[in-house]
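below are the sequence and a predicted model for it; my questions follow.
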Amino acid sequence: MNTVLRTQLAGVSRRPARMLLTGLAVLVASFVVYATVLAQQITERSVLDGLSGTPAAVDLVVREGTITAKDLAAVTAVPGVSRTSALAQIGVQYGGQYLNVTADPGSGPLSLVTVTSGRYPSAADEIAVTPRTVQLLGLNVGSTAAVDPGSETGKPGKKVTLRVVGVVAPPQDFGYDTYAPSATVFALSGQPYIQQIDIDLDAGADGDQARTRIDQIFAPVKADERPHVATGADVRLEEARSSADQIDQVFAVVAMFVAIAVAAAGLIAASTFRIVFAQRMRQLALLRAVGAGRGAMFRALATEGALTGLVTGTVGVLAALAAGQLVPLALRGLGWKVLSPGVPVLPALGTVLLAVVMTVLSVLAPAVSASRVAPLEALRAAAGTGARTGIGALRWVAGLLPLAAALLLAGYVYTNLPGPDEQNYDAQTMLLAVVASGALAFVALIALGPVLVRPVLAVFGWPLRRLGPVGRLAIGGVGGSARRAAAVSVVVALGVTLVAGVLVGGASIRVLGDRELAASAPADFELTGGQGSTLPAGFLDRAKAAKELTRVTPYRRIEAKIPDFDGVPVTDLDMAALPRLVDLDFRTGSLADLGPGKVVVAGWISEMAGLGVGDTVQVDNKGKKVTLTVAAVLGDDGPLHSGLLVTPADLTALGAGTAYSGLLADAATDGDTGRTEGLRAMRAVGGGQSDYTVDVLADQRDQVASSLTALLGIALGLIGLTVLIAVVGVGATTALSVVERVRESGLLRAIGMSRGGLRAMLTAESALYGVIGAVLGLLLGVPYAWLALQAIGVNAPLAVPVWQLAAAFLILVGLTALAGVLPARRAARVSPVTALGTE
Amino acid sequence: MQTHSAPPTGRDALAAVAAVDLVKVYGAGDTAVRALDGVTVGFERARFTAIMGPSGSGKSTLMHCLAGLDTATSGQVLLGGSDLTKQSDKVLTKVRRERIGFVFQSFNLLPQLTAERNITLPLDLGGRKPDAELLDRLVTTLGLGGRLGHLPSELSGGQQQRVALARALVSRPEVLFADEPTGNLDSRSGAEVLGLLRTSARELGQTVVMVTHDAGAAAYADRVVLLADGQLAGEIHQPSIASVTDALQSLAAAR
Ligand SMILES: Nc1ncnc2c1ncn2[C@@H]1O[C@H](COP(=O)(O)OP(=O)(O)O)[C@@H](O)[C@H]1O
Ligand SMILES: [Mg+2]
């Protein structure tokens, strides 16, 4: 073993804390990187699972063709097929009501329902129902239903009596849904129509082989009726895409977080190493002074670094793997639909490799610096590192150049922000430009950090300064070693920037969502008779009489012509009647401006027809013409997707009849029961006639709200990892700086600082890292969130959730202070004499 | 050479600080080291006393115990008549801050604070304002004018040690302790610092206790106390380089 390596190892055994802390940074870095990779998998799998109807266990899917019960049996018999599930349903009449019977295995990985009470049907005359069906149709467990499955000729068929044996939670509940094994459904329908077969293969079965066999089964079928076989993964992605077309953007954002986590991990590792640098420099300079060769020095350091990296990297990856498997398990226990990740091997190896490279580079860096200068110069430099506050010319350049680039990019994005509904707008590129600008801003922050520390301290340190000498010393300590402070704070800033960005983005998108929902779902229920038809008289009175309904609001709607545009929906909905319409976004004017001879124009109409407030527009309905003045312009869509809003008198002048096109109403009481009662009342208004449909707009609203919450949750979860690394970084840095500064602590104790005082000072120092980081993070995060929102082109307003941001600020400062508590306690316990004796 | 066979007791009215039958044992069992083995010695007010002895004789340990930096195994340390060995860390902290000044061999300035802030640090810690007149006098006497705004890294070793000296004196301590204050200095800066220590004792009435192994440094003192193997091994009043060297040699020969 060469002498330098021996010296290093002796150093490690003498001061294991230092080594541990250096390693800890790498350990946490690799933990975070790998955990983010796993989080990406968890997110993608869970999002896919949530948005696609096909369960994750489905390996193959047969669909898009004629599939018979015989085919199903043949597919089930194919070697390697573990189980199958047929997607089939039949509509039956139950006392004048429509009832849907859907096939489902009832249990196992292919089932889409879960039994909540009773049991899943097994006999031929048994069914399970959904909760809303129980409420709306009174089909309790134990009751029977005589249903008419109809006949091929369309005439009523022979009645069949079905027995309700259980209640199941379905993917979607319209209030007329029942479930049964596929055999029951086939028996009811006589000639069953199977939409799709979901196939679960045996573990380890050859998918391609099974696929070929299944293809053979359908080979005799006519080409245009022959079903296709697809993989479950493809089908799930397809389904997810069709239910949320932003799915790819969501995945892109998740991938971006992985990149950010890697960057943050690098940052934190670098900032911890920076502190070890000073100490290393000293030691290396000494070794050089006594004649250690450069080659031996490099080899020894590289070996040490590689070993540290390998061990800590592996431990970090294993810890992440454990967390990645346990967290989804725990979340599932709490009732969340979260899937477990797999074990991605390549990223794991990559992470360990990254750890090794990171460690080797960072232990070699001081060696390079040390070998470039004369040994004594290095010794002197090492002594002064902690106290240097300014930055050199090179660093100024390294900071100002990216800053200029960041500003240029941001300026470019700002000047090219899309107008509302701009065509051919490339959101992806603009978003990328925003991210690039943000990254550059961070590079600038890293370089210029040391000069920012003091101004930020001067402004935000005042409460601490008033707390007496300990506070002043802490500020002095942080301000005096601005480089160290900057290195730590940048990591915190990164975390805060991301948290602030997500909070601001989330709040803004929520406002946007409220606006859009105000337009598309202004009330809980809507009853319509379909395109162009009107409601019979009496409906309105019946609805108003129903005590389960409130704010019953009828409206008329026609499609008229305005210059250059045909088929523009015009409505006379009474905007004041529905409180939710308050959320509507007005570009100019307000609701109150609407009056006789006036019109409120949807944003998209205003843009396409070039209409602004004060302009006049001629509306033409089959020859009846009215000229109206634009009183207000909406932000985007009009309520119920209408283009023009007019007074009832003007709509009548346009030739609209007295009959209403539709009814809106809210449930009289909140909650699920209230909503179901309202739905029942609304359906009763329609008299059970299938011509009139009732839409539960409230369900749509809930769905948007819950998917928004889920997305926010995912984003915050991923960011949580960045915050974790920031906090651990602060902890490690504080611990390291405490280890490095034992002498200093000893001195302070020797000249009369109390134990508590020292503890408070060191804790305050690490809290100050948090304050500086959080201030910088907020200063970057809020504007960038705004810019990103504008760049996406969703026309969202800037909503700054002040309280949430303040809470995030306080929590982060609290966490960083907490990270300093342990090291501070440790430092305060050491006796002054021992501390002063430490080199 | 004069030696006291009966050393002054700690209750001597003149003693600013005194050790009475002080014992300090490091470690336990086989590896136990008796760094101080029943030392009884007093240090007179307004005098400059040097503690001398071979390396490992317990000089630093004695000083640390006297300054309340370390706890003794048994015996008493009397500072102004009160026993420090029975005190809590809280009281000792206050003692260190207000009644004792300490100068180290390796300066031990806080690198991030300016010279001035380093000097006033003990007062800052106690929440006291420095006495402007005293500060002025110290700065002038120690020749630190124009250097107050500098960081320690911008000062020479001699200047750093003078800042440390100012820091130790600014709280008007009852006793100023200095552990090999010239060990890291060139001979000229060392002579300056020693001269300043003597001046502060003679002209400002400051009690000074200094550990050194350098006979030249000890000659600046009014009195030299000799230690060997953790025990008192004699003392010299009005020492000269020659008398101190002799004493050290006879100590070495006795071993
Ligand atoms: N922290 C310690 N642990 C164990 N032994 C110590 C410690 N400090 C000092 N010693 C021992 O006590 C004795 C006296 O040390 P010290 O007071 O430093 O001597 P001096 O300052 O005279 O050179 C020496 O033998 C030394 O090895
Ligand atoms: Mg010593």
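Received, thanks. Ligands and ions are numbered 1, 2, ... in the order given.

separation between the residue in the stretch 151-255 of chain B that chain A sits nearest to and B:Q105?
In the stretch 151-255 of chain B, no residue comes nearer to chain A than B:S153, which is 4.4 Å away by C-beta to the nearest C-beta. C-beta: built from backbone N, CA, C; applies to glycine. According to C-beta to C-beta, to the nearest Å, B:S153 stands 18 Å off from B:Q105.

A:D208 now?
79 Å.

same thing with A:A824?
A:A824 is 27 Å from B:Q105, by C-beta to C-beta.

who has more neighbours, these two?
Neighbours were counted for A:A824 and for B:Q105 using other C-beta atoms under 10 Å in any protein chain shown; A:A824 has more, 24 against 18.

thought the more buried one was touching A:R759?
Yes. If you go by C-beta atoms under 8 Å, A:A824 and A:R759 touch, sitting 4.7 Å apart.

quick check: pLDDT value at the nearest residue to A:P227 once chain neighbours are set aside.
The shortest distance from A:P227 to any non-neighbouring residue, by C-beta to C-beta, 6 or more residues apart in numbering or on different chains, is to A:G65 (3.0 Å). Looking at A:G65, its pLDDT stands at 74.

now do the contacts for A:G65.
A:218, A:221, A:225-228 (C-beta atoms under 8 Å, 6 or more residues apart in numbering or on different chains).

surely the residue of the stretch 151-255 of chain B closest to chain A is in a helix?
Yes. Assessed with DSSP: H, G, I helix; E, B strand; the rest coil, B:S153 lies in a helix.

element containing A:A560?
strand A:557-562 (DSSP states H and E).

cool, B:N118 as well?
helix B:115-125.

got it, and B:A16?
Residue-wise, B:A16 maps onto strand B:15-26 under DSSP H and E.

quick one: strands adjacent to that strand?
strand B:33-44 (antiparallel), strand B:74-79 (antiparallel) (DSSP bridges).

export the shortest one to CSV, keeping only CA atoms.
Okay, so that is strand B:74-79. Output in CSV follows, covering the C-alpha atoms of strand B:74-79 (Å, rounded to 0.1, in the frame of the first residue of the first chain):
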residue,chain,number,x,y,z
SER,B,74,-9.1,16.7,42.7
GLY,B,75,-7.8,19.7,44.6
GLN,B,76,-8.9,23.3,44.2
VAL,B,77,-8.4,26.2,41.9
LEU,B,78,-9.0,29.5,43.6
LEU,B,79,-9.8,32.5,41.4
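
ok, A:F298 to A:V360 distance?
Distance from A:F298 to A:V360, by C-beta to C-beta: 10 Å.

over to A:L408?
A:L408 is 36 Å from A:V360, by C-beta to C-beta.

these two - which one has more neighbours?
Using other C-beta under 10 Å, the more surrounded residue of A:L408 and A:V360 is A:V360, with 19 against 12.

how about the residues of chain B by ligand 1?
B:26-27, B:33, B:35, B:53, B:55-61 (C-beta under 6 Å from any ligand atom).

buried among the residues you listed? Make that a ChimeraX selection.
To isolate the buried members of the residues of chain B next to ligand 1 in ChimeraX, using 16 or more other C-beta atoms under 10 Å in any protein chain shown:
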select /B:35,53,57,58,59,60,61
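
so which of the residues of chain B next to ligand 1 comes closest to A:Y784?
Nearest to A:Y784 out of these is B:S60 (C-beta to C-beta; 57.0 Å).

assumed that closest one was part of a helix.
Yes. Counting by three-state DSSP, B:S60 is part of a helix.

let me see the contact set for it.
For B:S60, the contact set (C-beta under 8 Å, 6+ apart) comprises B:179, B:211.

cool, and A:L712?
A:502, A:506.

for chain A, what is the nearest residue in the stretch 101-250 of chain B?
The stretch 101-250 of chain B approaches chain A most closely through B:Q112 (2.0 Å), counting by C-beta to the nearest C-beta.

ok, that residue to A:V453 distance?
12 Å.

one step back: continuing past the helix holding B:N118, what's the next helix or strand?
helix B:132-141.

got the buried residues for that next one?
B:135, B:138-139, B:141.

and those, which is closest to A:V633?
Among the buried residues of helix B:132-141, B:L135 lies closest to A:V633 (C-beta to C-beta), at 71.8 Å.

residues in contact with the closest residue in space to the closest one that isn't next to it in sequence?
Leaving aside its chain neighbours, B:L135 sits nearest to B:V170 (6.4 Å; criterion: C-beta to C-beta, 6+ apart). Residues in contact with B:V170 (C-beta under 8 Å, 6+ apart) are B:119-120, B:122-123, B:130-131, B:134-135, B:138.

cool, B:L176 as well?
B:100-103, B:168-169, B:197, B:200, B:206-209.

distance of A:V47 from ligand 1?
With distances taken as C-beta to the nearest ligand atom, to the nearest Å, A:V47 is found 61 Å from ligand 1.

which of the helices or strands spans that residue?
Element membership for A:V47, per DSSP H and E: helix A:16-51.

tell me the SS of the residue nearest to A:P227?
Each residue gets one of three states, and A:G65 gets coil by three-state DSSP.

list the buried residues of stretch B:116-133.
Applying 16+ other C-beta under 10 Å to stretch B:116-133 flags B:116-126, B:130 as buried.

can I get it in PDB? Just the C-alpha atoms.
C-alpha atoms of stretch B:116-133 as PDB (Å, rounded to 0.1, in the frame of the first residue of the first chain):
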ATOM      1  CA  GLU B 116     -11.900  44.600  15.700                       C
ATOM      2  CA  ARG B 117     -14.800  42.100  15.900                       C
ATOM      3  CA  ASN B 118     -12.300  39.400  17.100                       C
ATOM      4  CA  ILE B 119     -11.100  41.700  19.900                       C
ATOM      5  CA  THR B 120     -14.600  42.600  21.100                       C
ATOM      6  CA  LEU B 121     -15.900  39.100  20.800                       C
ATOM      7  CA  PRO B 122     -15.800  38.200  24.600                       C
ATOM      8  CA  LEU B 123     -17.800  41.400  25.300                       C
ATOM      9  CA  ASP B 124     -20.200  40.700  22.500                       C
ATOM     10  CA  LEU B 125     -20.800  37.200  23.900                       C
ATOM     11  CA  GLY B 126     -21.700  38.800  27.300                       C
ATOM     12  CA  GLY B 127     -23.800  41.400  25.600                       C
ATOM     13  CA  ARG B 128     -21.600  44.200  26.800                       C
ATOM     14  CA  LYS B 129     -20.300  47.200  25.000                       C
ATOM     15  CA  PRO B 130     -16.500  47.600  24.800                       C
ATOM     16  CA  ASP B 131     -15.000  50.500  26.900                       C
ATOM     17  CA  ALA B 132     -14.000  52.800  24.100                       C
ATOM     18  CA  GLU B 133     -11.200  54.300  26.000                       C
END
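
and it with chain A, contact?
Yes. Applying C-beta under 8 Å from any C-beta of the partner chain, one finds stretch B:116-133 touching chain A at B:117, B:121-122, B:124-127.

still on that earlier bit, in ChimeraX, how would I select the buried members of the contacts of A:G65?
Here is the ChimeraX command that selects the buried residues among these (16+ other C-beta under 10 Å):
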select /A:218,227
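
pick out the lowest-pLDDT one from the contacts of A:G65.
A:V221 (71).

and that residue, that one's in a helix?
No. Read with three-state DSSP, A:V221 is coil and lies in no helix.

circling back to that earlier point, any idea how far the residue of the stretch 151-255 of chain B closest to chain A is from ligand 1?
As for B:S153, its distance to ligand 1 is 28 Å (criterion: C-beta to the nearest ligand atom).

what do you get for A:W803?
Counting by C-beta to the nearest ligand atom - A:W803 and ligand 1 are separated by 53 Å.
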